[in-house]
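Visitor: this is the structure alone, sequence omitted:
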């Protein structure tokens, strides 16, 4: 997933990657239905469509993609969706604590990434570059690893409690605070297209939130009605006894 993500960014523009990240949400929703039987309500599907439409509209002037870029992006979408769906499977079937899952997940990443970094010469560059062997570099990398650990830990808990569909849609909304923080902290210029995408993404998020709240309310109402049907009726005249 990490490797295909870097490859997709190398051969595609950021707007195109954003568009296809929203396509990943649709793949996850379909997989959630096929493998776990979770049905998405019409309002949730509408929220996906609104967010995908906003991403396409924001990237309309930058929509261009070669065959290599398409293959990298398709591989990233499938691997990302597969990873999220497997997280759901692991949290319900693998007999490990959340901490153990995060630990083994990172260890396995190291096993796969070390040979790739060796083949690409990045490992040699790391050892031959004294400029990066500083306390500042070590502190920042340690902090990044610390944040990454808790990111994986939070992701596992989110998928276990809320499900893959909710996880992917909430994850798509993180582009809104990222764009705003980039504007506040780094003076990044936000174009009209970006503001449009932020607005449409927020509308999609509100639709999703409303759909989940309504679903929760309908579920509670259904449980209440079922309890009333199952509760025995007591005749007051019988309970009073003989007069």
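Guide: Received the coordinates, thanks. Predicted, not measured: the structure shown is a model, and the values here were computed from it.
Visitor: all contacts plus neighbour counts: C-alpha atoms, from now on.
Guide: Noted.
Visitor: check which helix or strand residue 147 maps to.
Guide: Taking DSSP states H and E as the definition, residue 147 sits inside helix 135-162.
Visitor: now that helix: buried residues?
Guide: Within helix 135-162, the residues that qualify as buried are 149, 152, 153, 155, 156, 157, 158, 159, 160, counting by 16 or more other C-alpha atoms under 10 Å.
Visitor: redo those residues as a markdown table? Include pLDDT and distance to residue 132.
Guide: Written out in a markdown table, the entries for the buried residues of helix 135-162 read as follows (pLDDT from 0 to 100; distance: C-alpha to C-alpha, whole Å):
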| residue | pLDDT | distance to residue 132 |
| --- | --- | --- |
| 149 | 84 | 22 |
| 152 | 82 | 26 |
| 153 | 83 | 29 |
| 155 | 82 | 30 |
| 156 | 82 | 32 |
| 157 | 83 | 35 |
| 158 | 81 | 35 |
| 159 | 82 | 36 |
| 160 | 80 | 38 |
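Visitor: contacts only, for the most centrally placed residue in the chain.
Guide: Using C-alpha atoms, centre = their mean, the residue of the chain that lies closest to the mean C-alpha position is residue 168, 3.2 Å off. Contacts of residue 168 were listed using C-alpha atoms under 8 Å, 6 or more residues apart in numbering, and they are 25, 28.
Visitor: swap in residue 123?
Guide: Applying C-alpha under 8 Å, 6+ apart to residue 123 gives the contacts 114, 117.
Visitor: so it: helix, strand or coil?
Guide: helix (DSSP: H, G, I helix; E, B strand; the rest coil).
Visitor: coming back round to it: buried ones in the helix or strand just after the helix holding residue 147, by neighbour count?
Guide: Sequence order places helix 164-172 as the next helix or strand after helix 135-162, per DSSP H and E. Judged by neighbour count using 16+ other C-alpha under 10 Å, the buried positions of helix 164-172 are 164, 165, 166, 167, 168, 169, 172.
Visitor: and the angle for helix 164-172 with helix 135-162?
Guide: Using axes from the mean of the first three to the mean of the last three C-alpha atoms, to 10 degrees, the inter-axis angle of helix 164-172 relative to helix 135-162 is 140 degrees.
Visitor: the chain should start at 50 in everything you say after this.
Guide: Renumbered: residue one is now 50, and that last one reads helix 213-221.
Visitor: helix 213-221 - what's its average pLDDT?
Guide: Per-residue pLDDT values across helix 213-221 average out to 74.
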